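Novice: the sequence and its predicted three-dimensional model are supplied below.
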Amino acid sequence: MSRKRIAALVGNPNAGKSALFNALTGARQKIANYPGVTVERKAGRLALPSGEPVELIDLPGSYSFDAASPDEEVTRKVVQGEFEGEATPEVIVLVLDAANLEQHLVFAQEVLELGRPTVVALNMIDLAERDGLVLDPEALSAALGVPVIPTVAVRRKGLKELAAAIAEAETHADEDAHRQWHLTLPERRLAAKHMARGAILSTSTRHTVENGVDRVLLNPWIGPVILFGLLFVIFQAVFAWATPFADALEGAVGAISGVVTDVVPAGLIRDFLTEGVLAGVGSVVVFLPQIVILFFFILVMEASGYMARAAFLMDRLMAGVGLSGKSFIPLLSSFACAIPGIMAARSIPDARDRLTTILIAPLMTCSARLPVYAVIIAAVIPETSVGPGIGLQGLVLFVLYLAGIVGAMVVALVLRSTVARGAASGFIMEMPRYQLPRIKDLAIGLWQRAWVFLRRAGTIIFVVTIALWLMLSFPKAEPGESQMDASVAGRVADVLHPVLEPIGFNREMSLALIPAMAAREVAVSALATTYAVDTEDEDLAAQGVTDRIAALWSLPTALAFLAWFVFAPQCISTIAVARRETNGWKWPAFMVAYLFALAYVAGGLTFWIATALGL
Ligand SMILES: Nc1nc2c(ncn2[C@@H]2O[C@H](COP(=O)(O)OP(=O)(O)OP(=O)(O)O)[C@@H](O)[C@H]2O)c(=O)[nH]1
Ligand SMILES: [Mg+2]
């Protein structure tokens with residue numbers, strides 16, 4: 001039996017390798033319109049026209065085999081057969097951006113120099129046409145000495161031809177071995193220029209979309225204002241647009257709870273359902289609309305090409321704290337979740353830049369913090385507007401996100417002048433072409449995000465909330481004693497509470513912090529369950545967690561809780577991924593320590609100042 005053949009997708013960042021990979025294998029790898037999206041190798045199965053399966057490997061984009069960053073190192077190793085546990089790929093599928101041919105032909109020569117069976121996918125033909133370029137694949141094929149297949153990955157054009165060429169590639173192996181380029185970088189650049197010229201039949205002087213739009217968006221004065229305005233709109237929308245949906249969901253959870261109370265006889269099972277599942281997990285699920293809206297904006301920024309522009313705009317500011325615009329994309333990804341953010345830092349070449357970025361990534365407000373912020377804001381911040389179309393609640397949310405960013409910048413500055421000392425490295429990032437986000441991609445992306453959130457609610461959040469419910473429900477209270485006082489959880493809270501009392505935390509808050517280490521959203525379900533268990537009064541029990549917080553917490557206490565969540569390291573998975581990416585416990589331990597210290601100080605300052613102001 002012969003071993004399955006391996007083909008690897010290689011090329012510059014943002015050439016469309018992952019888009020081709022998805023189209024050819026049916027996978028759902030993340031694709032986005034900026035360089036550095038893929039940071040790991042991923043394998044999938046491609047069926048050749050003959051039906052024979054081939055293992056197709058998607059790789060991180062690379063500018064050269066002189067790997068500068070950890071993700072490029074992966075590409076080099078896989079291609080050269082040095083990647084542990086993986087055979088050398090027989091066929092290389094070299095992906096070139098037709099609209100950026102000259103640049104992409106530089107690395108292409110390095111790949112061809114390997115003398116291995118290679119097929120070129122001349123991708124993004126549609127964008128080249130949009131820019132008024134007419135290309136000649138045959139001429140390019142003659143110049144490169146390998147088959148060139150025009151493709152449009154996102155419209156599934158040229159896929160059959162590409163698969164056929166991959167099937168044929170091996171038969172050319174012998175001729176291919178004769179290719180020898182052996183050129184220095186300047187020579188390669190020159191050769192790339194000649195080859196690109198030879199392959200471009202005509203260019204119309206059509207003005208590219210990029211120039212005009214970039215003149216505005218990258219303008220040193222207007223650009224940042226637009227970026228800032230956009231972020232502001234996002235946080236307003238998270239509150240304003242989500243409200244009707246969130247209310248409907250909350251109503252549904254309440255109605256189900258009512259039915260359960262009527263149908264299920266009083267006892268442990270009913271309590272489990274109403275206090276644990278519905279009050280607890282239900283209180284998190286109602287945040288689905290907010291999460292979807294946040295990701296809608298993130299996905300549009302990623303797909304349109306604006307993300308890389310934002311990185312460019314932020315570069316100057318980042319240089320001020322010793323980082324480069326390269327750190328911007330990992331940090332922005334951390335708004336979804338710090339885990340992919342920390343992994344995206346692999347695209348940063350400088351080791352100290354990378355370490356600093358990993359250490360500050362948890363300060364970016366991840367989407368798991370959104371339910372926590374939203375519950376507390378809804379409970380204690382009035383739903384008033386502070387200007388035309390500017391809601392106070394959205395403004396507070398914006399300030400919380402901003403606090404995380406400012407905190408991260410200050411920490412970066414300190415780290416860069418102490419433990420991760422070094423000068424800011426230069427920033428070069430190609431600007432991707434602008435694209436209208438495709439509705440289908442957006443829909444799939446949103447669906448994936450919503451699914452991740454719901455799965456978390458159904459798994460980790462569910463399990464942790466139920467465990468907490470059990471600890472809150474036993475042992476049962478004597479008549480006259482509060483259930484919280486009697487329970488195991490109550491005793492645990494009594495241990496932690498004295499530490500947190502000085503910064504204004506009550507006992508329920510202190511307790512909620514422990515299970516929230518598993519997933520931050522659990523802070524919400526934990527509070528909801530605690531209040532549900534601890535309530536004898538049926539009317540009060542029917543109230544949502546928001547109402548209970550509004551009734552029971554003082555404003556300084558609530559603000560202190562928010563400030564805590566801006567800084568606190570609140571999730572074990574983030575710590576684990578930081579360990580993996582820094583190869584040891586030293587830096588994650590440092591990260592956890594400094595974040596807890598910051599959270600405590602920030603919570604305390606907020607509480608004392610708010611109290612002093614008489615809020
Ligand atoms: N118009 C057009 N867009 C494409 C085509 N192929 C890919 N794209 C888009 O180009 C962007 C980059 O695609 P990816 O597949 O993420 O690129 P990549 O080569 O994997 O990039 P890295 O992982 O960063 O190395 C995405 O926004 C895709 O939707 C194409 O043929 N035509
Ligand atoms: Mg990719």
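Specialist: Arrived safely. Ligands and ions are numbered 1, 2, ... in the order given.
Novice: which parts of the stretch 351-500 of the chain are strands?
Specialist: 385-387, 390-391 (DSSP state E, counting those that start in this stretch).
Novice: so which of the ones you listed is nearest residue 57?
Specialist: Closest approach to residue 57 among these is made by strand 390-391 (48.0 Å; CB to CB). No exception for glycine: its C-beta is placed from N, CA and C like everyone else's.
Novice: put together TSV for the strands of the stretch 351-500 of the chain, with distance to residue 87 and mean pLDDT on each row.
Specialist: Converted to TSV, the strands of the stretch 351-500 of the chain look like this (distance: least, CB to CB, whole Å; pLDDT from 0 to 100):
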stretch	distance to residue 87	mean pLDDT
strand 385-387	62	86
strand 390-391	58	86
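Novice: quick one, strands of this structure?
Specialist: Assigned by DSSP state E, the strands in the chain fall at 5-11, 42-47, 53-58, 91-97, 118-123, 133-135, 148-150, 200-203, 385-387, 390-391.
Novice: what's the burial count for the residue of the stretch 451-600 of the chain found nearest ligand 2?
Specialist: For the stretch 451-600 of the chain and ligand 2, the shortest gap (CB to the ion) falls at residue 581, measuring 18.8 Å. Here the count is done by other CB atoms under 10 Å, and residue 581 has 19 residues near it.
Novice: roughly how far apart are it and ligand 1?
Specialist: Here the criterion is CB to the nearest ligand atom, to the nearest Å. By it, residue 581 lies 18 Å from ligand 1.
Novice: does that residue touch residue 358 like I think?
Specialist: Yes. The criterion here is CB atoms under 8 Å, and residue 581 meets it with residue 358 at 5.9 Å.
Novice: still on that earlier bit, compare the strands of the stretch 351-500 of the chain and give me the one nearest residue 97.
Specialist: strand 390-391 (41.2 Å).
Novice: each with direction, which strands does that closest one pair with?
Specialist: Strand pairing for strand 390-391, using DSSP bridges, gives strand 385-387 (antiparallel).
Novice: need the residues of the chain near ligand 2, please.
Specialist: By CB under 5 Å from the ion, the residues of the chain that approach ligand 2 are 17-18, 37-38.
Novice: same thing but 8 Å
Specialist: 13-14, 17-19, 21, 29-31, 37-38, 58-61 (CB under 8 Å from the ion).
Novice: what's near enough to touch the residue of the stretch 251-400 of the chain found nearest ligand 1?
Specialist: Per CB to the nearest ligand atom, the residue of the stretch 251-400 of the chain with the smallest distance to ligand 1 is residue 303, at 5.3 Å. By CB atoms under 8 Å, 6 or more residues apart in numbering, the contact list for residue 303 reads 32-33, 435, 437-438, 441-442.
Novice: mind redoing it with 10 Å?
Specialist: 31-34, 432, 435-438, 441-442, 445 (CB atoms under 10 Å, 6 or more residues apart in numbering).
Novice: filter those to the buried ones?
Specialist: 31-34, 432, 435, 437, 441, 445 (16 or more other CB atoms under 10 Å).
Novice: farthest pair within those?
Specialist: Checking these with CB to CB, the most distant pair is 432 and 445, at 16.9 Å.
Novice: the residue of the stretch 451-600 of the chain closest to ligand 2 against residue 70, yeah?
Specialist: Yes. Counting by CB atoms under 10 Å, residue 581 does reach residue 70; the two are 8.6 Å apart.
Novice: tell me where the stretch 451-600 of the chain is predicted with low confidence.
Specialist: Residue ranges of the stretch 451-600 of the chain with pLDDT under 70: 536-542.
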